[in-house]
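Enquirer: Sequence isn't available, so here's the structure alone:
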């Protein structure tokens, strides 16, 4: 299998190409379809840390800028500007949910999640919570949809807080443990599998 070509684009070059983008609201990434320019040596680790050429990007505003121009196409992730599209590596999910607030109770409860990069979403019909389990260890990996088919891994401390709000409901005739938000029940684990 041939290796994807590396793009000769620096972080500063990518930032400069965004200078002409209007600053009000998030960039309209969904409208941009520039040509593919190759792979950039950038990686988002499972813990939400962004790396460029193997070194963590320490400037939070730069990471927030890059996260705002992230686009998913199939199973691939790209940084997209009006003039270029650069492939990057994502170890798990491109975002990390680090906190949430809860208002109300039961089906009227609203859970608002915040990511490490400053995104905020309310779990509900548009932003589902899902939990996968490692088939060998049973370890849960919880996610919430953030935007345009991209999810955030919910970090451990936030997931434990979420579990504290859990309740049992029947889903298709099977009892599940999960949480309510914005009128939607999100099953996390079959009740029969609870310790």
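Expert: Right, received. Where do you want to start? Here the structure is a predicted model, which means the values were calculated and not measured.
Enquirer: Let me know the outermost residue of the chain.
Expert: residue 173 (30.8 Å; C-alpha atoms, centre = their mean).
Enquirer: That residue and residue 36: what is the separation?
Expert: Going from residue 173 to residue 36 by C-beta to C-beta, to the nearest Å gives 47 Å. For every residue, glycine as well, the C-beta is placed using N, CA and C.
Enquirer: Then residue 85?
Expert: The gap separating residue 85 from residue 36 is 5 Å, by C-beta to C-beta.
Enquirer: any residues in contact with both of these two?
Expert: Common neighbours of residue 85 and residue 36 (criterion: C-beta atoms under 8 Å, 6 or more residues apart in numbering): residue 78.
Enquirer: neighbour count winner among these two?
Expert: Legend: neighbour count by other C-beta atoms under 10 Å for residue 85 and residue 36, higher for residue 85 (19 against 16).
Enquirer: what's that one in contact with, if anything?
Expert: 32, 33, 34, 35, 36, 37, 71, 78, 79.
Enquirer: how many other residues sit next to the last one?
Expert: What that stands for is residue 79. Count around residue 79 with other C-beta under 10 Å applied: 26.
Enquirer: What strand or helix carries the residue nearest to it when sequence neighbours are not counted?
Expert: Excluding the flanking residues, the one nearest residue 79 by C-beta to C-beta, 6 or more residues apart in numbering is residue 86, at 4.9 Å. Assigned by DSSP states H and E, residue 86 falls within strand 85-90.
Enquirer: ok so, going back, separation between the residue farthest from the centre of the chain and residue 192?
Expert: 13 Å.
Enquirer: Ok, residue 157 next?
Expert: Counting by C-beta to C-beta, the gap from residue 157 to residue 192 is 27 Å.
Enquirer: Same question for residue 73.
Expert: 38 Å.
Enquirer: In this structure residue 83 contacts residue 69, no?
Expert: No: at 11.8 Å, residue 83 does not count as touching residue 69 under the criterion of C-beta atoms under 8 Å.
Enquirer: of the two, who's got more company?
Expert: Neighbours per residue (other C-beta under 10 Å) separate residue 83 from residue 69, with residue 69 holding more: 21 against 12.
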